[in-house]
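*Asks:* make a model of this:
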Amino acid sequence: MALRLDRYDWLSLALVAATLLAGLALWERLPAEMAIHFSASGEPDNFASKPVAILSLPVVMLATMLIIEGAGRVDPPEDPSVLGVVTVATMALMAAAQGYIFAENLGYTVPFGLFMAGIAVWVVVVVGYTVARERRVGLS
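*Replies:* Here you go, the predicted model:
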């Protein structure tokens, strides 16, 4: 069976590629050991080598795309566009997380509370969208 990519798949793959390319473009400016995780107060509490820090998230993004696709095959949503929108939104969230990591490692201070508030807004919007679309299609 041939793999068929739709516009959501291409958008998701573009976000993965942009995340990887951003890391490669910043390679020379990033430290050899990068902070990759932050405590609730925003302090770095886990580090990885530059290659691991740059390459691991794009790989995780691709794996996440496959998992979402598999979940959609096992239990397809009522509205077919929901799966694509959730996938693109998830890739955008992961790309933003990598952007946060790059910014912090380049010495830019990004308010951690603001970043976490953005994640909370993302959750409300994506879950709200999904529930609204599924209800609307389920009622028709």
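
*Asks:* low-confidence ranges, the chain, go.
*Replies:* Across the chain, residues meeting the criterion (pLDDT under 70) sit at 1-3, 138-140.

*Asks:* I'd like the distance between the nearest residue to Ala18 once chain neighbours are set aside and Arg135.
*Replies:* With Cβ to Cβ, 6 or more residues apart in numbering as the criterion, Ala18 has its nearest non-adjacent residue at 6.6 Å, and that residue is Ala95. Placement of C-beta: from N, CA and C, glycine included. Applying Cβ to Cβ, to the nearest Å, the value for Ala95 to Arg135 is 29 Å.

*Asks:* compare those two (neighbour count), which wins?
*Replies:* With neighbours defined as other Cβ atoms under 10 Å, Ala95 and Arg135 compare such that Ala95 has more, 21 against 12.

*Asks:* which helices and strands sit right next to the longest helix belonging to the chain?
*Replies:* Using DSSP state H to define each element, the chain has its longest helix at helix 112-139. If contacts are counted by 3 or more Cβ pairs under 8 Å, 6 or more residues apart in numbering; DSSP states H and E, helix 112-139 sits against helix 80-105.

*Asks:* now do the helix it packs on and helix 112-139, the angle between them.
*Replies:* Angle of helix 80-105 versus helix 112-139, following axes from the mean of the first three to the mean of the last three Cα atoms, to 10 degrees, is 180 degrees.

*Asks:* what sits up against the helix or strand encompassing Ala18?
*Replies:* In this assignment (DSSP states H and E), Ala18 forms part of helix 7-25. Residues outside helix 7-25 that contact it (Cβ atoms under 8 Å, 6 or more residues apart in numbering) are 5, 30, 53-55, 57-58, 61-62, 65, 81, 83-85, 87-88, 91-92, 94-95, 98-99, 102.

*Asks:* tell me the buried residues within those residues.
*Replies:* Buried members of the contacts of helix 7-25, counted by 16 or more other Cβ atoms under 10 Å: 30, 53-54, 57-58, 61, 65, 83-85, 87-88, 91-92, 94-95, 98, 102.
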